[in-house]
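> Give me a model of this one.
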Amino acid sequence: MVSLLGENGAGKSTLFLHFNGILEPDEGEIFIDSEKLKYDKKSLIQVRQKVGIVFQNPDDQLFAPTVEEDVAFGPLNIGLSQEETQERVADSLKKVGMEGYEKKPPHHLSGGQKKRVAIAGILAMQPEIMVLDEPTSGLDPKGASDILKLLYKLNKEGITILISTHDVDAVPLYSDRIFVINKGEIIKDGSPEEVFKDIELIRSSNLRLPRITHLFEVLDKEDDINNVGDYPLTISQARKFIKDNF
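The predicted structure follows:
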């Protein structure tokens with residue numbers, strides 16, 4: 001599970017739209033599993049079965065009259081039978097907790113429910129990689145937490161998850177690796193510990209430390225925790241640190 005971290009306008013969405021051929025680069029090339037991405041119709045259909053993109057605004061992705069028709073669009077578009085498509089639709093909606101909503105119009109759903117249906121539409125294509133642009137954008141705290149828990153579950157089931165975000169508090173909880181993007185360039189990558197240790201880079205990219213990390217930074221400057229140096233990124237890490245040192 002990988003996070004692309006950057007402020008608004010850093011280039012996250014533009015980069016993501018190159019990952020399955022929605023945009024074609026003016027310079028450079030895209031490689032997926034060491035194969036150069038081609039932009040003919042057949043090649044794009046194949047790559048979009050491997051790499052699925054969930055847009056930031058689900059209203060840009062949901063267009064069919066009912067939830068089940070929306071989720072079925074991708075499988076039917078690649079020539080799957082009605083029977084196999086229905087199996088995929090049912091399985092995908094169950095995975096995202098939206099079974100029972102098959103006949104609902106998408107525009108009658110809440111923001112969080114729309115996100116789940118958009119994710120289900122990608123799951124129905126059975127991708128190896130799911131790319132999500134700001135998946136918690138516009139959601140209340142519980143809705144955002146529910147979406148991240150869902151993505152974490154899908155990741156544990158074997159799907160590589162790549163999200164763009166500027167939610168620095170959530171990133172350390174779920175990410176195995178972080179890439180920091182600023183003005184269209186990747187300027188740092190590594191584990192959450194490696195990335196957030198570079199405090200100067202984080203702040204120069206118009207980001208901030210996770211709140212728990214900032215708290216320990218403040219305490220460290222006031223000599224209350226004996227200059228720990230490497231600050232906890234999550235509450236569980238902070239709990240362990242306090243238990244080990246106090």
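
> For this protein, give me the ranges with low pLDDT.
Counting by pLDDT under 70, the ranges of the chain that qualify are 222-229.

> Can you show me the strands along it?
Applying DSSP state E to the chain gives strands spanning 2-5, 31-32, 35-36, 51-54, 129-133, 160-165, 177-182, 185-190.

> In a markdown table: those strands, plus mean neighbour count.
C-beta here means a position set from N, CA and C on the backbone, and glycine is covered the same way. Output for the strands of the chain, formatted as a markdown table (neighbours: other C-beta atoms under 10 Å):
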| stretch | mean neighbour count |
| --- | --- |
| strand 2-5 | 24 |
| strand 31-32 | 12 |
| strand 35-36 | 10 |
| strand 51-54 | 22 |
| strand 129-133 | 22 |
| strand 160-165 | 22 |
| strand 177-182 | 20 |
| strand 185-190 | 14 |
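
> So what touches stretch 9-28?
4, 6, 30, 32, 37, 39, 43-44, 47-48, 50-53, 56, 129, 131, 133-134, 162, 164, 181-185, 205 (C-beta atoms under 8 Å, 6 or more residues apart in numbering).

> In space, not sequence, find me the middle residue of the protein.
residue 163 (2.3 Å; C-alpha atoms, centre = their mean).

> which residues sit in contact with residue 211?
Taking C-beta under 8 Å, 6+ apart, we find residue 211 in contact with residue 169.

> try it again with 10 Å
168, 169, 235 (C-beta atoms under 10 Å, 6 or more residues apart in numbering).
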